[in-house]
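1. mind folding the following:
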Amino acid sequence: MVVTDARQPDHPIILANQAFLQLTGYAADEVIGRNCRFLQGVGTSASVVAQIRHALDEVREITTEILNYRKDGSAFWNQLHFSPIFDDHGTLSYYFASQIDVTDFRRVQSLEASEHRLLMEVDHRAKNVLAIVDSIVRLSRSDNSAQYASSVQQRVQALSVAHLQLAETGWRDVSLRDVIVRQVERYKTKNVVISGPEIRVPAEGVQPLALLFHELASNAAVHGALFKPDGLLSVSWARTDDQVGFRLSWSERVSLSKTRGKPGFGTIMADAIVEKQLLGTLDRRWDDEGLEIIIEIPASTSPTSSIDRSKL
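-> Residues are numbered from 1 along each chain as shown. Reported below is the predicted structural model:
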């Protein structure tokens with residue numbers, strides 16, 4: 001604590017206890033007769049200094065936190081309290097000021113705030129994943145319990161692969177090529193050609209895109225180009241004219257049956273992901289040589305962070 005003389009110009013310190021000297025690193029003869037502003041430095045907030053000055057002008061007490069500096073130049077957060085002292089006639093005579101080093105306390109507060117933000121983000125991501133998993137479990141269809149379990153497991157594994165990709169990049173943008181490759185490579189076929197410029201997918205779009213490519217690859221492995229030895233899967237993409245969105249071609253060169261059955265759940269899910277989540281378009285084109293799927297994700301469209309299950 002210190003006491004300043006309010007009757008003298010610039011409120012010089014007339015008393016400083018040993019705790020103040022230990023806190024600031026100054027000797028008594030370096031403190032007495034000086035205004036407390038010598039503790040201020042380059043990082044001291046001008047706004048807080050103005051608050052203190054305003055309280056002194058109004059002759060009222062104030063408690064605030066200010067960044068101060070010791071004699072050796074090291075900074076510390078000072079919880080400062082100023083209080084006026086009046087004589088028997090009501091005249092302002094002194095100011096009492098106490099200082100408490102709250103540096104460690106503020107550090108703990110900062111860590112707690114960071115931890116809270118981290119936990120909120122983890123909670124947000126976990127809820128997104130669980131919403132997608134819930135949709136998969138609820139909407140996957142099969143009359144055979146073993147087939148149902150397998151289809152659910154494969155889709156959850158596709159999400160797991162996407163989750164691992166996001167973890168590897170610190171939940172930042174992921175290469176579109178990498179998202180595709182990791183969903184196709186499980187079939188270990190040489191009949192795949194993947195080409196296109198470097199495009200980064202926003203973190204919130206990686207999981208729905210991974211699930212989309214899983215559905216396309218699974219369908220190709222059961223019915224299309226990844227099923228027949230002479231089949232060829234070509235995946236290519238390019239930026240749209242505005243250089244923000246992208247247009248992707250999923251081309252399967254393989255002889256297909258002239259009679260096509262009713263679209264399965266995988267087809268329905270792929271359409272829903274593109275149209276409802278990514279706000280894009282998906283167009284299938286069949287001909288004598290096979291199937292081509294054109295997917296376009298428009299400009300200024302960020303993938304939503306979770307599935308709207310009511311739209312699936």
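
2. which strands border the host helix or strand of E252, and is each parallel or antiparallel?
-> Secondary structure from DSSP states H and E places E252 in strand 246-253. For strand 246-253, the paired strands and their directions (DSSP bridges) are strand 232-239 (antiparallel), strand 290-297 (antiparallel).

3. which is the next helix or strand following that strand?
-> Using DSSP H and E, the helix or strand that directly follows strand 246-253 along the chain is helix 265-272.

4. and stretch 4-21, how far apart are its ends?
-> Terminal residues of stretch 4-21 lie 15 Å apart, using CA to CA, to the nearest Å.

5. so how far is N68 from R247?
-> Distance, R247 to N68, using CB to CB, to the nearest Å: 59 Å. C-betas here are computed from N, CA, C, even on glycine.

6. for the strand or helix carrying L166, buried residues please.
-> Assigned by DSSP H and E, L166 falls within helix 145-168. By 16 or more other CB atoms under 10 Å, the buried positions in helix 145-168 come out as 151-152, 155-156, 158-159, 161-163, 165-166.

7. equivalent analysis for stretch 77-97, please.
-> In stretch 77-97, counting by 16+ other CB under 10 Å, buried: 77-80, 82, 84, 94-95, 97.

8. contacts for that stretch, please.
-> 1-7, 11, 14, 36, 39, 52, 55-56, 59-68, 98-103, 105-106 (CB atoms under 8 Å, 6 or more residues apart in numbering).

9. show me where the chain has helices.
-> 18-24, 28-31, 46-57, 103-139, 145-168, 176-184, 203-223, 265-272 (DSSP state H).

10. which of these has the lowest average pLDDT?
-> When the helices of the chain are ranked by mean pLDDT, helix 103-139 comes last with a mean of 65.

11. quick check: E30 vs I13, distance?
-> 10 Å.

12. can you tell me the closest non-neighbouring residue to L291?
-> Spatial nearest neighbour of L291, excluding adjacent residues (CB to CB, 6 or more residues apart in numbering): E252 at 4.7 Å.

13. then I297?
-> Nearest to I297 is G280, by CB to CB, 6+ apart, at 4.2 Å.

14. do you know how far the one you found is from V184?
-> Taking CB to CB, one finds G280 at 20 Å from V184.

15. hmm, back to that, any chance of CSV for the strands paired with strand 246-253, columns distance to S45?
-> Output for those, formatted as CSV (distance: least, CB to CB, whole Å):
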stretch, distance to S45
strand 232-239, 46
strand 290-297, 46
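
16. Throw the ones you listed into a markdown table and include distance to A19 and mean pLDDT, thanks.
-> Below are those laid out as a markdown table (distance: least, CB to CB, whole Å; pLDDT from 0 to 100):
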| stretch | distance to A19 | mean pLDDT |
| --- | --- | --- |
| strand 232-239 | 65 | 94 |
| strand 290-297 | 64 | 93 |
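
17. list the buried residues for stretch 12-28?
-> Going by 16+ other CB under 10 Å, stretch 12-28 has these buried residues: 13, 16, 20-21, 23-24, 26.

18. from the residues you listed, which two are the most distant?
-> I13 and L23 (13.7 Å; CB to CB).

19. which one is A162 nearest to, not counting chain neighbours?
-> A210 (3.5 Å).
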